[in-house]
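K.L.:
Just the structure for this:
(one chain, ligands or ions: 1)
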Amino acid sequence: MIRINAFSLLHHNTFGIDAQARQYIEYASEEELTAILPALAGERFFHIGEGSNLLFTQDYDGIMLHSGLRGIQLLEETDADVVVRVGAGERFDDLIAWSVRLGWSGIENLSHIPGEAGAAAVQNIGAYGVEVKDVIERVHAVDLQSGERRTFSNADCHYAYRQSIFKQELRGRYAVTYVDLRLSKTFTPHLDYGNVRASLPEGAELTPHLVRQVITAIRREKLPEPGEVGSAGSFFMNPVVSEQTFRTLQASYPAMPHYATAGGVKIPAGWMIDQCGWKGQTLGRAGVHAKQALVLINCGGATGAEVVALSDRIRADVKQRFGVDIHPEVNIL
Ligand SMILES: Cc1cc2nc3c(=O)[nH]c(=O)nc-3n(C[C@H](O)[C@H](O)[C@H](O)COP(=O)(O)OP(=O)(O)OC[C@H]3O[C@@H](n4cnc5c(N)ncnc54)[C@H](O)[C@@H]3O)c2cc1C
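P.N.:
Reported below is the predicted structural model:
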């Protein structure tokens, strides 16, 4: 177990915000986790992953809990697929690298998304037409109040776009310990999102490894590289509006991109932010990424409050121009 007081979070959040936690505890096993639970009673605490979807607006006066549960284990294998168990503290991208090396598929489109496996299951990460929920079999977790271990089936997790029971009804209640995923031995490529298909090298054999390489290259080109430019990826969620609201908006903005969903019409927040003229602009030391208006960046030394001030200005402008509320996807602490 690692326990550090006055812990600097600077290298523990991809936004590169210089904040401090009163204490940091990293546990190396489920037993260590249950052993520290009594110390959490009555304390403020937060379970952190790699900090790639967080924005610290102040020092954290409490305990930052982190999983040191690592490893990938093969649980089942048939001619068609495998089920693997991954420790919550394992980097999800390392799991993908391992999976494609073995020729297994299902998660290659999620390549180069920062973060750990536990958080991937909490966040239901998604990219290029694939969400991690598509391959999750079970999520194992420990109740941070009672210490009880519980296994959630995929259905129990109530997955939706960037949502799960762990972000809603059970927010902050469970530490995810292990995630079981089903990977396929037969490759069904998903190439029709973004410019994946167009970026494939001509004549090359289509493999999960190739798709991973292509998507990684696209993301490196389009998004700020963690460690080089501070960000948390997409800062806002794409809003879903009613069919009627969409028709009214479309009459004024015929070029407005949109996608039909079960709950209404989804409009890319990045497009609206771009229309408001924010792409590439800065406010203080926070800015809007020049290549993707959905991404807010730390231009160097920004505080969390500066990023929130920029976010508030953008939200107000989008509301004024389109009458649509956009909300941060990022956890603001
Ligand atoms: C450049 C960039 C690009 C990105 N692109 C994408 C993308 O394409 N698609 C996408 O979906 N996301 C994307 N993200 C967002 C981010 O990578 C994901 O949300 C990721 O899953 C966060 O993982 P993390 O380990 O950093 O979690 P953190 O940010 O540390 O935490 C996220 C949430 O998970 C919870 N959590 C973490 N670990 C555990 C655990 N073991 N048990 C219980 N709760 C836990 C935290 O409490 C918090 O609520 C991007 C981020 C960046 C910086």
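
K.L.:
Just confirm L296 is within a helix.
P.N.:
No. Counting by DSSP: H, G, I helix; E, B strand; the rest coil, L296 is located in no helix; its state is strand.

K.L.:
count of residues packed around the closest residue to it other than its chain neighbours?
P.N.:
Closest residue to L296 apart from its sequence neighbours, by C-beta to C-beta, 6 or more residues apart in numbering: F235 at 4.2 Å. To be clear about C-beta, it is placed using only N, CA and C from the backbone, and glycine gets the same treatment. If you count neighbours by other C-beta atoms under 10 Å, F235 ends up with 28.

K.L.:
what sits against F235?
P.N.:
L294, V295, L296, S311, P328, E329, V330 (C-beta atoms under 8 Å, 6 or more residues apart in numbering).

K.L.:
Could you report the pLDDT at the third one?
P.N.:
Spelled out, that is L296. Confidence at L296, expressed as pLDDT, is 98.

K.L.:
Dump the contacts of F235 to CSV, plus distance to R219 and neighbour count.
P.N.:
Below are the contacts of F235 laid out as CSV (distance: C-beta to C-beta, whole Å; neighbours: other C-beta atoms under 10 Å):
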residue, distance to R219, neighbour count
L294, 13, 23
V295, 11, 23
L296, 17, 31
S311, 22, 22
P328, 21, 18
E329, 17, 18
V330, 18, 21
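
K.L.:
Using a markdown table, lay out those together with distance to Q168.
P.N.:
Below are the contacts of F235 laid out as a markdown table (distance: C-beta to C-beta, whole Å):
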| residue | distance to Q168 |
| --- | --- |
| L294 | 22 |
| V295 | 25 |
| L296 | 24 |
| S311 | 22 |
| P328 | 16 |
| E329 | 14 |
| V330 | 16 |
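
K.L.:
show me where the stretch 1-150 of the chain has helices.
P.N.:
30-40, 92-101, 117-123 (DSSP state H, counting those that start in this stretch).

K.L.:
so does the last one get close to the ligand?
P.N.:
Yes. Part of helix 117-123 sits near the ligand under the criterion C-beta under 6 Å from any ligand atom, namely G118, A119, A120, V122, Q123.

K.L.:
tally of neighbours for the fourth one?
P.N.:
Pointing back at V122 there. 29.

K.L.:
isn't it right next to S164, touching?
P.N.:
Yes. With contact defined as C-beta atoms under 8 Å, V122 counts as touching S164 (5.9 Å).

K.L.:
hang on, the earlier thing: highest mean neighbour count across the helices of the stretch 1-150 of the chain, which stretch is it?
P.N.:
Highest mean neighbour count of those: helix 117-123, a mean of 28 (counted as mean count of other C-beta atoms under 10 Å).

K.L.:
Let me see the mean pLDDT of that one.
P.N.:
Averaged across helix 117-123, pLDDT comes to 98.

K.L.:
so who does V241 touch?
P.N.:
L249, G264, V265, I267, V324.

K.L.:
close enough to count as contact, the fourth one and A255?
P.N.:
Just to be clear, that refers to I267. No. Between I267 and A255 there is no contact under C-beta under 8 Å: 11.8 Å.

K.L.:
if you count what's nearby, which of those two comes out ahead?
P.N.:
Ranked by neighbour count (other C-beta under 10 Å), I267 and A255 place I267 first, with 25 against 7.

K.L.:
what sits against the more buried one?
P.N.:
Counting by C-beta under 8 Å, 6+ apart, I267 touches N238, P239, V240, V241, F246, L249, M256, P257, H258, F322, V324.

K.L.:
give me that answer again for 10 Å
P.N.:
Contact analysis of I267 by C-beta atoms under 10 Å, 6 or more residues apart in numbering lists 238-241, 245-246, 249-250, 253, 256-259, 318, 322, 324, 326.

K.L.:
nearest spatial neighbour of V308, skipping sequence neighbours?
P.N.:
Closest residue in space to V308, ignoring its immediate chain neighbours: T57 at 5.9 Å, by C-beta to C-beta, 6+ apart.

K.L.:
can you tell me how far that neighbour sits from H12?
P.N.:
Distance check for T57 against H12: by C-beta to C-beta, to the nearest Å, it reads 15 Å.

K.L.:
Hmm, G304 and the residue nearest to V308 touching each other?
P.N.:
Yes. With contacts counted by C-beta atoms under 10 Å, T57 reaches G304, the gap being 3.5 Å.

K.L.:
Can you give the domain ranges for this structure?
P.N.:
According to automatic domain parsing, the chain comprises the domains 2-67, 72-222, 230-332.

K.L.:
and the shortest one, anywhere near the ligand?
P.N.:
Same thing as domain 2-67. Yes. Domain 2-67 comes into contact with the ligand (C-beta under 6 Å from any ligand atom), by way of T14, F46, H47, I48, G49, E50, G51, S52, N53, L54, S67.
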